[in-house]
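[1] Sequence first, then the predicted structure, then my questions.
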Amino acid sequence: MDPVMSIVVATNNRGKLAEIRSILAHLPIEVLSMTEALGETPSIVENGTTFEDNAIIKARAVANRCKAITLADDSGLEVDALGGKPGVRSARFAGDGASDAQNNAELLKQLEDVSEEERVARFRCAIALVDPWQTTDAPMLVEGSCEGTIARTPTGTGGFGYDPLFIVAERGCTMAELDKAEKNRISHRGRALAALSPQIAALIERRVAAAAKLGTARD
């Protein structure tokens, strides 16, 4: 299936990029990282207070730089016993530049005395899609979530981030124990992208129709 258009993903996270490419593989699009599109990795200040805020900030920043349709995902873990933390600081819960292992260790430390019944958590994802050529400034915005609990020890070798600690409520195993196809079906990111896919498909149809109209006019 030849791509009809390109979409740039505003992320440096290889795991996220791989998942997005896999989940959107049924669409005739080319998914590029922002480094591939720009030839560099721009610095973006994610100073929003919600996942939605940060997704919009990233999508607009990269779309304005590369003048291409841009998708940005902002996602993370919310733990009820921690008042919703780590939340928007999920990637840097143990400090700026923290590794996945360090963030997981910090999470376990803060939940050390929390009972199993109170270790309720969820993964949340907000995705913004910005088309710099649209007349409106409003981005397409979708959300997805996945409910679960936090284990006391990491289990599984798949995924990334907090996946080895997040027990998926509807599966009874950690996100890191799921195969890629299953994770993409039920994860917060998979659900958000499933909601966005029809909007991308409609955008493709409009692009194809516009190109056909232009070709007819030239003939």
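    Everything's here; your move. On a predicted model such as this, the values are computed, not experimentally measured, just so you know.
[2] starting at the chain centroid, how far to the helix or strand that contains Arg185?
    Assigned by DSSP states H and E, Arg185 belongs to helix 180-186. Its chain's average C-alpha position is 14 Å from that of helix 180-186, according to C-alpha atoms, centre = their mean, to the nearest Å.
[3] Please point out which parts of it sit buried.
    182-184, 186 (16 or more other C-beta atoms under 10 Å). The way it works is simple: take the backbone N, C-alpha and C, and place the C-beta from them, glycine included.
[4] all strands of the protein, in order?
    For the chain, the strands defined by DSSP state E occupy 5-9, 29-33, 70-79, 120-130, 140-150, 166-168.
[5] okay, those strands, which one's buried deepest?
    Ranked by mean neighbour count under mean count of other C-beta atoms under 10 Å, these are led by strand 70-79, which reaches a mean of 25.
[6] Render the CA-only coordinates of that strand in CSV, please.
    The C-alpha trace of strand 70-79 is given here as CSV (Å, rounded to 0.1, in the frame of the first residue of the first chain):
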residue,chain,number,x,y,z
THR,A,70,1.9,16.3,13.0
LEU,A,71,0.7,13.9,15.6
ALA,A,72,1.8,14.2,19.3
ASP,A,73,1.2,11.8,22.1
ASP,A,74,1.4,12.7,25.7
SER,A,75,0.8,9.9,28.1
GLY,A,76,1.6,8.5,31.5
LEU,A,77,0.6,6.7,34.6
GLU,A,78,-1.9,7.9,37.2
VAL,A,79,-1.8,6.2,40.6
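[7] which one is the residue nearest to the spatial centre of the chain nearest to, not counting chain neighbours?
    When C-alpha atoms, centre = their mean is applied to the chain, the residue found nearest the centroid is Asp73 (3.5 Å). Closest residue to Asp73 apart from its sequence neighbours, by C-beta to C-beta, 6 or more residues apart in numbering: Ile127 at 5.0 Å.
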